[in-house]
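Novice: missing the sequence, but the structure's below:
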Ligand SMILES: *Cc1c(COP(=O)(O)O)cnc(C)c1O
């Protein structure tokens, strides 16, 4: 049998990512591939850095996009900054905080875990208690927007506390960037990573990342090489910066970077504050509709992420059957529960280009139909 071309269905993506990619970004992806050291491409990379600085609200020179998904951005922050002698305080309130812990363990550094309940924000007082008890701590790491539960943590306050105890901060902004307020410089974040496929609505596989001058100094002053050659930021920056002397490190995903550039141009044209407001407005419409359907949110209203809505699956309703029905009948993808909420919750994403009225309406009418069919 000859295998034919793969033609994917046209879905509406309302899960935890990837989100819908606009035709404008898909068209950018289809432009001619050029060499990854082509002068025009290097010019585009320079613009990309500026656009990422805009999105992160930073002037950090060390801002670029890692040629791999958000998980690689996470790993890049940890392996470049943390050495086995360091103590790292990791705040955990969901799956992605647990992955940060895994990174610290693999480096062999000293680990202090601050646990907050799943479905809630990280509790700032618990972080402060841990820093008082561990004065040797050098880094504080936390997830701004926990996609596994839909809870937002108060990044500004957590960074303030970390700074009071002379710690550098490592922040996961994979789901927050472009969807909710995020101010890298104002809040004093030292290392931050994101993902292309959540509120930026670009194709998956790229991780925007930024290091403060303080963090860049820590990297520059390392006495041991970074354990990952591919993610070694000093080598990667040799490719992403430097007047006329870019060194080959790896071949950038050329067309995916066109797509990221386009998605960030769209963000800038909309205005990032307007994008935050759009996510909030669409979330409020969706939340009202879900509540009217009798669905209960996991996260209390004041700690909810607009771009990720977690609701309990009503008793007696078959999780897999509903999601399969939505996919088959409506071409609509919503997310399953993750970790502690596997089988118990749905995660409904309103990320980036997905966060529009027509999708809120589709989701509510499709869910109404599915619940009428499957609710006993
Ligand atoms: C999706 C996500 C990641 C991982 O990103 P990938 O692109 O899937 O590797 C990390 N952290 C959070 C909070 C996420 O939502």
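Specialist: Okay, I see it. The structure presented is a predicted model; accordingly, all values stated were derived computationally and were not measured.

Novice: who's in contact with the residue in the chain positioned nearest to the ligand?
Specialist: Of the residues in the chain, the one nearest the ligand is residue 70, at a distance of 2.6 Å by Cβ to the nearest ligand atom. For the C-beta atoms, the positions are set from N, CA and C on the backbone; glycine is no exception. Listed by Cβ atoms under 8 Å, 6 or more residues apart in numbering, the contact partners of residue 70 are 172, 174, 193, 194, 195, 198, 207.

Novice: Restricted to helices, list the residues you listed.
Specialist: Assignment to helices by DSSP state H places none of these there.

Novice: near the ligand too, which of those residues?
Specialist: Among those, the ones lying close to the ligand by the criterion of Cβ under 6 Å from any ligand atom are 172, 174, 195.

Novice: between the residues you listed, which is closest to residue 288?
Specialist: Proximity of the ones next to the ligand among the contacts of residue 70 to residue 288, judged by Cβ to Cβ, is greatest for residue 174, which lies at 27.0 Å.

Novice: circling back: what sits against the closest residue to the residue of the chain closest to the ligand other than its chain neighbours?
Specialist: In space, and not counting its chain neighbours, residue 70 is closest to residue 195: 3.2 Å by Cβ to Cβ, 6 or more residues apart in numbering. If you count contacts by Cβ under 8 Å, 6+ apart, residue 195 has them with 17, 69, 70, 73, 174, 175, 177, 204, 206, 207, 208.

Novice: Please apply the same query to residue 234.
Specialist: Residue 234 makes contacts with 219, 220, 226, as judged by Cβ under 8 Å, 6+ apart.

Novice: which of those residues has the most neighbours?
Specialist: Neighbour tally across those (other Cβ atoms under 10 Å): the maximum, 19 neighbours, falls on residue 226.

Novice: In terms of helices and strands, where is that one?
Specialist: With the criterion set as DSSP states H and E, no secondary-structure element contains residue 226; it sits in neither a helix nor a strand.

Novice: next structured bit after the longest helix seen in the chain?
Specialist: Longest helix of the chain, by residue count under DSSP H: helix 272-292. Helices and strands here follow DSSP H and E; after helix 272-292, the next one along the chain is strand 308-312.

Novice: Buried residues, that following strand. List them.
Specialist: By neighbour count on 16 or more other Cβ atoms under 10 Å, the buried set for strand 308-312 is 308, 309, 310, 311.

Novice: Ok, stretch 156-166 next?
Specialist: Along stretch 156-166, the positions that meet the burial threshold by neighbour count (16+ other Cβ under 10 Å) are 158, 159, 161, 162, 165.

Novice: wait, does the host helix or strand of the third one contact the ligand?
Specialist: Per DSSP H and E, residue 161 falls inside helix 155-164. No. Between helix 155-164 and the ligand, judged by Cβ under 6 Å from any ligand atom, nothing touches; the nearest distance is 12.5 Å.

Novice: Which secondary structure elements does that helix sit against?
Specialist: If contacts are counted by 3 or more Cβ pairs under 8 Å, 6 or more residues apart in numbering; DSSP states H and E, helix 155-164 sits against helix 124-133, strand 139-143, strand 168-172, helix 184-187.

Novice: Deepest-packed of these, please.
Specialist: Across the helices and strands packed on helix 155-164, averaging neighbours per residue (mean count of other Cβ atoms under 10 Å) puts strand 139-143 on top, at a mean of 28.

Novice: confidence score at residue 376?
Specialist: Here the pLDDT value assigned to residue 376 is 73.

Novice: Equivalent analysis for residue 243, please.
Specialist: Model confidence at residue 243, given as pLDDT, is 65.

Novice: interface residues of this structure facing the ligand?
Specialist: Contact residues of the chain with respect to the ligand, defined by Cβ under 6 Å from any ligand atom, are listed as 17, 69-71, 74, 96, 143, 145, 147, 172, 174-175, 195, 204.

Novice: in the chain, what secondary structure element scores lowest on mean pLDDT?
Specialist: Each helix and strand of the chain was given a mean pLDDT (mean pLDDT, DSSP states H and E); the minimum falls on helix 233-240 at a mean of 90.
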